[in-house]
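Q: no sequence for this one, just the structure:
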């Protein structure tokens with residue numbers, strides 16, 4: 001597991017950029033963390049690393065946003081999904097099989113339909129250290145701590 005401590009939204013974006021620079025087509029990044037922990041900021045960093053211009057917004061009401069870059073990004077927010085089966089109604093399996101990177105906020109809500117081989121990112125607030133301090137834990141195949149220095 002890789003553990004990163006950030007002390008600002010900008011550093012959270014930078015951590016996302018580091019992960020994004022390592023991603024390849026077909027990778028699935030599952031984000032978990034409470035409201036306001038920085039999941040969308042982290043996704044902004046991933047998007048920048050994939051060559052996507054502009055600001056990424058959370059698709060809370062649309063469920064998925066698609067972005068074109070060097071590698072396409074399919075950004076899901078499944079917070080409002082009542083049943084994982086709803087994901088198939090929006091063509092979820094097509095995104096998973098597509099030639100882009102998939103980022104899923106609140107991925108734990110649809111864990112039962114996710115492939116085994118995913119990158120898991122947990123973001124939590126470290127309020128005892130300050131209101132902007134985050135701990136980002138990354139687990140996934142072929143990732144090493146040296147890649148995040």
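A: Received the coordinates, thanks. All values derive from a computational prediction rather than experimental measurement. Numbers count the residues shown, from 1 in each chain.
Q: Give the burial count for residue 24, as a bare number.
A: 9 (other CB atoms under 10 Å). To be clear about C-beta, it is placed using only N, CA and C from the backbone, and glycine gets the same treatment.
Q: got the contact list for it?
A: Residue 24 is in contact with 71, 101, counting by CB atoms under 8 Å, 6 or more residues apart in numbering.
Q: Does it belong to a helix, a strand or coil?
A: The three-state label given to residue 24 by DSSP: H, G, I helix; E, B strand; the rest coil is coil.
Q: With the one 10 residues further on instead?
A: When the structure is split into helix, strand and coil by three-state DSSP, residue 34 lands in coil.
Q: now the helices: where do they sit in the chain?
A: 9-20, 39-49, 86-89, 92-96 (DSSP state H).
Q: With respect to residue 136, which of these lies nearest?
A: helix 9-20 (5.4 Å; CB to CB).
Q: packing partners for the closest one?
A: Secondary-structure packing of helix 9-20 (3 or more CB pairs under 8 Å, 6 or more residues apart in numbering; DSSP states H and E): strand 2-6, helix 39-49, strand 119-125, strand 134-139.
Q: low-confidence ranges in this protein?
A: Across the chain, residues meeting the criterion (pLDDT under 70) sit at 141-149.
Q: how does it look with 80?
A: 60-61, 98, 141-149 (pLDDT under 80).
Q: ok, the residue lying farthest from the centre of it to residue 116 distance?
A: The C-alpha centroid of the chain is most remote from residue 128, which lies 24.8 Å away (CA atoms, centre = their mean). Note on residue 128: its distance to residue 116, by CB to CB, to the nearest Å, is 34 Å.
Q: just residue 66 next, same as before
A: Computed as CB to CB, the residue 66 to residue 116 distance reads 25 Å.
Q: These two - which one has more neighbours?
A: Taking neighbours as other CB under 10 Å, residue 66 and residue 116 compare with residue 66 leading, 13 against 5.
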